[in-house]
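Visitor: Below: sequence and its predicted model.
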Amino acid sequence: MKSWNAPSPEQLAAFVDGELDATTRASVAVWLEENPEAVAELDAQRRLERLVHASPPPEPSEAEWAAMLDRIVLQTQVHADAPKPVPQTRRPVATSRRLLVLAMTAAATVLIALSLRPQPGPEVVPPQPQPVVAIKTLPVASDEDVEIVSVDAADIQFLVVGEPPMRGLVVLAAPGDVVLDSIEPDPTDGMMPKTMGMDMNNGNGPMIVAPLSVASSRP
Amino acid sequence: MTPTSSPHRPSAEQQPTPGSISPPMPAVSTLSPLLVHSDEELLARCATGAREALDELFSRYRSLAFRVAYRLLGSEADALDAVQEGFVKVLTHLDSFQGRSTFKTWLLRVVSNAALDLGRQRGRRELLSLDGPEANDNDSPRLMTGDDPALGLEREDLRHLLDQALATLPAAQRRTFVLHAEAELSYREVAEVMGISIGTVMSRLYYARQKLRSHLGRRLALNT
C-alpha cells in the first residue's frame, strides 16, 4: 500500500529543483522509494540541466563590455539632459510671460479708464452670431477607385453591386442648415419623437429620438 | 503542497547576489574595495550620477543579463542589444524602482522583455534555422569530457542545439525556463519577474522541459 498519493509531474520537477517545502519533499522522497521507475524521469530533468550548463553562452569580451557601458552612459546622459516636454525653451517662455504681463497691465488700465467715465445708460448689445461649426466632408471612394481582386465565397452574399449610392464628397449639414418646422407623431404607433440638443448656437445639431415599441419595430 | 520560497539559488558562476560579498571588480570601479555595497546603495548613488556606482552595478549583472538575453534570442549581437537596452531603461527609470523586488529581478524583467521584443522584430526562428546541426542527428558526437581538446567545438555544437530547441518553445515557456535554468532564479523570483503565479511557473517549466527533451532527443540521452 502506498503511503502517499502520486505527486504531479510538476511536483516531481519541483522536487528536483529543490523548491518543495520540507514536509512535501519528504513525502515525495518516500513515494520515489516505492516507485523507482519514476526516478528515470527525474534523471532526464537533471540531464537537461547539465546540458544547459555544459553549453554556456559565449562571453563578450572586455572591449565589448566597455563599449556597451560607454553607450549606456551616453544614452542615460542624453535622457537626463533631455528637455522636459515643454513646447518652448526657457528664454521664449520668459519673453512671452513679460508680454503677457504687459498686455494684462494695458487691459487693466483701459478697464479702469472706462469705469471712471460717466455711463450713458445700459446699452443693448445684439447677440453676436456664434461661429458656425466647420463643415466636414467625408471623402467617398468612387467605383473607379476600387478594384475587387477576389471575394471569398462566404462573403459573396454581402457584396453590394450596381451603381454607387452616391458620388463625390459627402457634405455634412451644419446645425444652422437644419430647420425643424414641426414634429408629428409616428403614424404607425402614434408615439411622439423627442428632440434633443436644439441649441444651434453651441454647435449641437438636433437629435430626434423616436422611441420604438416592440409591436411597431421593424427589422 | 507548496514550493518553498528560497530567495536565491546558488549560481553556477557564483553571481553575487544583492548584499553578498562581491569578488574584486576590475579597475573600472573606484568604490572602496574594502566595502561591500548593496544594490540599493549603488542604485541610490547612481541616482546622483555617480559613475563608479554605475560601473559596479554593470559589472555585477552584465553577464547574468547577457546569458538570459542570449538564451532568449540565440544571437550574441541581439543579446548585447537587449542588455544595453535593458540597462538604459532601468537607469533612466530609477525613480520607478520601488524596492518591492530586488534589482536583479527588476533588471531581468526589463532585459527579458527587451529580448523578446527584439526577437519578435528580428525573426528569431529564421536566424536559428540557418545551417545548424540537427538535434536528432545520429552522427553528431556526444558530449566530451573536460579533457577533450574538441571541447570548445563540442560546446558550440551543444549550444546551437540548445538554441534551436529553445526556439521551438512558446515565448512564455522559453522565458520561464531561461529565467529558472540560466538565471537560476527560484520559482518565486520567476513568478515575480513574469507577474504570474508559482503554479503557472511550475506548469510552464514542466511543459518546456518536455518539449526540450523531445527536441533534443538522443543527444540529451547521450549527455550523461
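Guide: Good, I have the coordinates. Keep in mind it's a predicted model, so treat the numbers as computed, not measured.
Visitor: Residue B:63: neighbour count?
Guide: The tally of other residues near residue B:63 (other C-beta atoms under 10 Å in any protein chain shown) stands at 18. To be clear about C-beta, it is placed using only N, CA and C from the backbone, and glycine gets the same treatment.
Visitor: The one 3 residues further on too?
Guide: Number of residues near residue B:66 (other C-beta under 10 Å) recorded here: 25.
Visitor: how near is residue A:185 to residue A:49?
Guide: From residue A:185 across to residue A:49, the span is 81 Å (C-beta to C-beta, to the nearest Å).
Visitor: check which helix or strand covers residue 180.
Guide: If you meant another chain, say so; for now it's chain A. For residue A:180, there is no helix or strand it lies in under DSSP states H and E.
Visitor: let's do chain B instead
Guide: helix B:171-181.
Visitor: Go through that helix and flag the buried ones.
Guide: Buried residues in helix B:171-181, counted by 16 or more other C-beta atoms under 10 Å in any protein chain shown: B:173, B:174, B:175, B:176, B:177, B:178, B:179, B:180, B:181.
Visitor: And for residue B:199, the neighbour number?
Guide: By other C-beta under 10 Å, neighbour count at residue B:199 equals 13.
Visitor: pull the helix or strand with minimum mean pLDDT from chain A.
Guide: helix A:90-116 (a mean of 58; mean pLDDT, DSSP states H and E).
Visitor: what is the mean pLDDT for the one helix or strand residue B:69 maps to?
Guide: Using DSSP H and E, residue B:69 maps to helix B:51-73. If you average the pLDDT over helix B:51-73, you get 94.
Visitor: what angle sits between it and helix B:171-181?
Guide: Angle, helix B:51-73 to helix B:171-181, by axes from the mean of the first three to the mean of the last three C-alpha atoms, to 10 degrees: 130 degrees.
Visitor: does any part of helix B:51-73 sit near chain A?
Guide: Yes. Using C-beta under 8 Å from any C-beta of the partner chain, helix B:51-73 reaches chain A at B:51, B:54, B:55, B:58, B:62, B:63, B:66, B:67, B:70, B:71.
Visitor: And the buried ones among those, selectable in ChimeraX?
Guide: Filtering the residues of helix B:51-73 next to chain A down to the buried ones (16+ other C-beta under 10 Å) takes a single ChimeraX command:
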select /B:54,55,58,62,63,66,67,70,71
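Visitor: now for the residues of helix B:51-73 next to chain A, which pair is the farthest apart?
Guide: Farthest pair in those (C-beta to C-beta) is B:51 and B:71. Separation: 30.1 Å.
Visitor: In the chain, where is pLDDT below threshold?
Guide: You didn't pick a chain, so chain A it is. Low-confidence regions of chain A, defined by pLDDT under 70, span residues A:1-4, A:78-146, A:156-168, A:175, A:187-190, A:194-219.
Visitor: right idea, wrong chain: chain B
Guide: In chain B (pLDDT under 70), the answer is B:1-35, B:123-153, B:218, B:220-224.
Visitor: in it, which spans are helices?
Guide: With DSSP state H as the criterion, chain B has helices at B:39-47, B:51-73, B:76-92, B:103-122, B:124-128, B:151-167, B:171-181, B:187-194, B:198-216, B:218-222.
Visitor: measure residue A:34 to residue A:27 for me?
Guide: 11 Å.
Visitor: again, but for residue B:160
Guide: 40 Å.
Visitor: Could you find the closest non-adjacent residue to residue B:58?
Guide: Residue nearest to residue B:58 in three dimensions, not counting chain neighbours: residue A:69, with 5.5 Å by C-beta to C-beta, 6 or more residues apart in numbering or on different chains.
Visitor: My reading is that the one you found lies in a strand. Confirm?
Guide: No. If the criterion is DSSP: H, G, I helix; E, B strand; the rest coil, then residue A:69 is helix and not within a strand.
Visitor: how many neighbours does residue A:148 have?
Guide: What residue A:148 shows, counting by other C-beta under 10 Å, is a neighbour count of 7.
Visitor: sorry, back to before: mind checking which of residue A:185 and residue A:49 has more residues around it?
Guide: Between residue A:185 and residue A:49, counted using other C-beta under 10 Å, the more crowded position is residue A:49 (16 against 11).
Visitor: Excluding sequence neighbours, find me the nearest residue to the more buried one.
Guide: Counting by C-beta to C-beta, 6+ apart, residue A:49 lies nearest to residue B:181, which is 6.3 Å off, once chain neighbours are set aside.
Visitor: which helices and strands sit right next to the helix holding residue B:180?
Guide: helix A:39-54, helix B:51-73, helix B:103-122, helix B:151-167, helix B:187-194, helix B:198-216 (3 or more C-beta pairs under 8 Å, 6 or more residues apart in numbering or on different chains; DSSP states H and E).
Visitor: try 6 Å
Guide: helix B:51-73, helix B:187-194, helix B:198-216 (3 or more C-beta pairs under 6 Å, 6 or more residues apart in numbering or on different chains; DSSP states H and E).
Visitor: elements contacting the last one?
Guide: What that stands for is helix B:198-216. helix A:9-17, helix B:151-167, helix B:171-181, helix B:187-194.
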